[in-house]
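Chemist: what follows is a predicted structure for the sequence shown.
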Amino acid sequence: MAAPLVLVVLVAVTVRAVLYRSTLAAFISERVEVASPLNAWKRVVEGLALLDLGVSPYSGDIFHETPLIIYLFHFLIEYAELVFMITDVLTAVALYLAIQDFNKVVFKKQKLLIELDKYAPDVAELIRTPMEMHYIPLKVALFYLLNPYTVMSCVAKSTCAINNTVIAFFILATIKGSAFLSAVFLALATYQSLYPLTLFAPALLYLLQRQFIPIKLKSKSFWLYTMQYAALYLCSLVVIICLSFFLLNSWDFIPSVYGFILSVPDLTPNIGLFWYFFAEMFEHFSLFFVCVFQINVFFYTIPLAIKLKEHPVFFMFVQIAIISIFKSYPTVGDIALYMAFLPVWSHLYRFLRNIFILSCVLIVCSLLFPVLWHLWIYAGSANSNFYYAITLTFNIGQILLISDYFYAFLRREYYLTHGLHLTRQDGTEAMLVLK
């Protein structure tokens, strides 16, 4: 399997290297779908210029990245293109190794449940085979490295690529069962973009399963392990934030980074749901609705944790998708991360209801983004409503896609225990409905 992975990596690096030397690089880096006010490369360059002049990069309203990022590129600015290519490769390799280990766990669990007669007798066609699962890690790496969203994010030198790398290493550490490394990478991901805080729940659930600790609120071992993991996470986060303070000798980065993410003061158009809504809103209503919009990312964590407590990796996938849809400054790089997981759930395809239509919606919207932007900004024959309409359609498509996968997952799990051929009490065929 190593040789195909190396081939995929070589192709991906070649594509990126060619695009870096093409005239498309400048065009892509200016696209609002690829770079946001939070992670645009030109803002990083501006922050570096201020730092070199001895001025705090957070003194104005230009730079909103974390101190560790600016100090990373302070030393590696000459090799920025190489850094971004390496981060993409590291993300793909981390996801490859994570899914490889996850598949082994899934197969062992499936084998145990078969031996214990936990599955219905007529579900042989739903049982996953080693041959079917063999190429999934490679497909995940392929889906990430050669996804046009990932390629554009890399070519634009959006720091979203670095965030994805940190999250990928967090996923790898979690699936490997390392509570310490999982907590450290989760703290680093939270430090970078705040929203990965919601990944605490699926990571904890997975680690509890690895330790064979029952997920019961009355269990002492459950609370002890939860406190240990939470302490590791909080201590790591405090250490990283204190390190940032010592680098800058100032706390200015906290309101400039996290205050910026939460209050959404920059209403530059992007592929998110915030910008148009707040551009049209009266000022005295904005605080309330900012809170409502921001709660969306965190609101679904508890109900999903209850429903998917036995399936924390699928929970993690759904939560990453929710973050990429409902965060305040999303880019296509965020979407690429959760889309890389789609091959992991290839066994759900038979239960998906609208996959073809939704795939077409996402592709067409992706193609229409630059068209409607041109009509609005350059041609003057359209307005912001056109661009926001396609943004709204794109996000609705993503929401329906994740809902479809969620329904398909629950449906398959139900069939495994109750059988494929469901009947009512009177013997007629029954239909499974998700409520």
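Modeler: Structure's in. What do you need? Since this is a predicted model, take the numbers as computed values, not measurements.
Chemist: can you tell me the helix or strand for the closest residue to V239 other than its chain neighbours?
Modeler: In this structure, V239 finds its nearest non-sequential neighbour in A187, 8.0 Å apart by C-beta to C-beta, 6 or more residues apart in numbering. Glycine gets a C-beta too; all of them are placed from N, C-alpha and C. If you go by DSSP states H and E, A187 is part of helix 179-193.
Chemist: so what touches stretch 208-226?
Modeler: G177, L204, L205, L207, K309, P312 (C-beta atoms under 8 Å, 6 or more residues apart in numbering).
Chemist: report the buried residues of the host helix or strand of Y405.
Modeler: Element membership for Y405 (DSSP H and E) is helix 384-418. Within helix 384-418, the residues scored as buried using 16 or more other C-beta atoms under 10 Å are 384, 386-388, 390-391, 394-395, 397-398, 400-402, 404-412, 415-416.
Chemist: counting by contacts, list what the helix or strand bottoming out on mean pLDDT in the chain packs against.
Modeler: One helix or strand of the chain scores below all others by mean pLDDT, DSSP states H and E: helix 130-134, with a mean of 85. Applying 3 or more C-beta pairs under 8 Å, 6 or more residues apart in numbering; DSSP states H and E, one finds that helix 130-134 contacts helix 80-115.
Chemist: tell me the phi and psi of R16?
Modeler: phi -70, psi -40 (degrees, to the nearest 10).
Chemist: I'd say it and D88 touch.
Modeler: Yes: counting by C-beta atoms under 8 Å, R16 does reach D88; the two are 7.3 Å apart.
Chemist: those two: who's more crowded?
Modeler: D88 (26 against 21; other C-beta atoms under 10 Å).
Chemist: look up the pLDDT of that one for me, please.
Modeler: We have a pLDDT of 95 for D88.
Chemist: which residue packs closest to it, ignoring adjacent ones?
Modeler: C154 (5.2 Å).
Chemist: what's the answer for R128, then?
Modeler: H347 (5.7 Å).
Chemist: burial check on that neighbour, number of neighbours?
Modeler: 18.
Chemist: tell me the contacts of it?
Modeler: With C-beta under 8 Å, 6+ apart, H347 has these contacts: L126, R128, E132, R412.
Chemist: circling back to that earlier point, quickly list what's touching both of R16 and D88.
Modeler: Between them, R16 and D88 share the contacting residues C154, judged by C-beta under 8 Å, 6+ apart.
Chemist: can you add secondary structure, pLDDT and neighbour count and give the contacts of stretch 208-226 back as JSON lines?
Modeler: Output for those, formatted as JSON lines (DSSP: H, G, I helix; E, B strand; the rest coil; pLDDT from 0 to 100; neighbours: other C-beta atoms under 10 Å):
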{"residue": "G177", "secondary structure": "coil", "pLDDT": "92", "neighbour count": "15"}
{"residue": "L204", "secondary structure": "helix", "pLDDT": "96", "neighbour count": "24"}
{"residue": "L205", "secondary structure": "helix", "pLDDT": "95", "neighbour count": "21"}
{"residue": "L207", "secondary structure": "helix", "pLDDT": "95", "neighbour count": "23"}
{"residue": "K309", "secondary structure": "coil", "pLDDT": "91", "neighbour count": "15"}
{"residue": "P312", "secondary structure": "helix", "pLDDT": "95", "neighbour count": "24"}
